[in-house]
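A.B. asks: take a look and give me a structure for this.
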Amino acid sequence: MPAGSSRKRERQYEHIKESAETRGVSEERAKEIAARTVNKERARSGEAKTASRASLRDPKSASQRGGERSHRGAQGPTKDQLYEEAKKKNVEGRSTMNKQELREALGR
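C.D. replies: Reported below is the predicted structural model:
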C-alpha cells in the first residue's frame, strides 16, 4: 500500500487480496490485483496525487463492476489457472487433462 493510505483502503486491499487467493490466484498476482484496484479507487475518489486517464474515464468503479471483465476474454481462464484451481480441489488426474477437461472437472 502506498504511504498515506487510509485504513479503509488498507482493509480494502487486504479483502481483495484474500479474495483473489481464495479463488486460486498466486499470492504475487493477488497483491498486484489488490494494489491496482485500490489505487484506481483512490484515483477516482481524488485521494491519489496522480491518476491515469483510464482510471478517471472508466464509467464503473472496480467494485461496481464486480468482476465483469475478469476471465471474460475469448479464452477465459488459462490452463495454468484452471490447473491450479483443480490442484486446490484435489481433482484426480488433473496432470493429464487438457484445458477443456479441466473446465469440465471444475464444473465450468
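A.B. asks: tell me the domain ranges of the chain?
C.D. replies: Domain assignment for the chain, taken from automatic domain parsing, gives 1-70, 71-108.
A.B. asks: worst mean pLDDT among those domains?
C.D. replies: Ranked on mean pLDDT, the bottom entry among the domains of the chain is domain 1-70, at a mean of 80.
A.B. asks: CA atoms of the lengthiest helix in the chain as CSV?
C.D. replies: Ranked by number of residues, the top helix in the chain under DSSP state H is helix 27-44. C-alpha atoms of helix 27-44 as CSV (Å, rounded to 0.1, in the frame of the first residue of the first chain):
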residue,chain,number,x,y,z
GLU,A,27,0.0,-14.6,-3.8
GLU,A,28,2.1,-12.3,-6.0
ARG,A,29,-0.7,-11.9,-8.6
ALA,A,30,-3.3,-11.3,-5.8
LYS,A,31,-1.1,-8.5,-4.4
GLU,A,32,-1.0,-6.9,-7.9
ILE,A,33,-4.7,-7.2,-8.4
ALA,A,34,-5.4,-5.7,-5.0
ALA,A,35,-2.9,-2.8,-5.4
ARG,A,36,-4.2,-1.9,-8.9
THR,A,37,-7.8,-2.0,-7.7
VAL,A,38,-7.2,0.1,-4.6
ASN,A,39,-5.0,2.6,-6.5
LYS,A,40,-7.7,3.0,-9.1
GLU,A,41,-10.3,3.6,-6.4
ARG,A,42,-8.0,6.2,-4.8
ALA,A,43,-7.6,8.0,-8.1
ARG,A,44,-11.3,8.0,-8.8
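A.B. asks: for that helix, buried residues please.
C.D. replies: 30, 31, 33, 34, 37, 38, 39, 40, 41, 42, 43, 44 (16 or more other Cβ atoms under 10 Å). C-betas here are computed from N, CA, C, even on glycine.
A.B. asks: now find how far off-centre it is within its chain.
C.D. replies: 9 Å (Cα atoms, centre = their mean, to the nearest Å).
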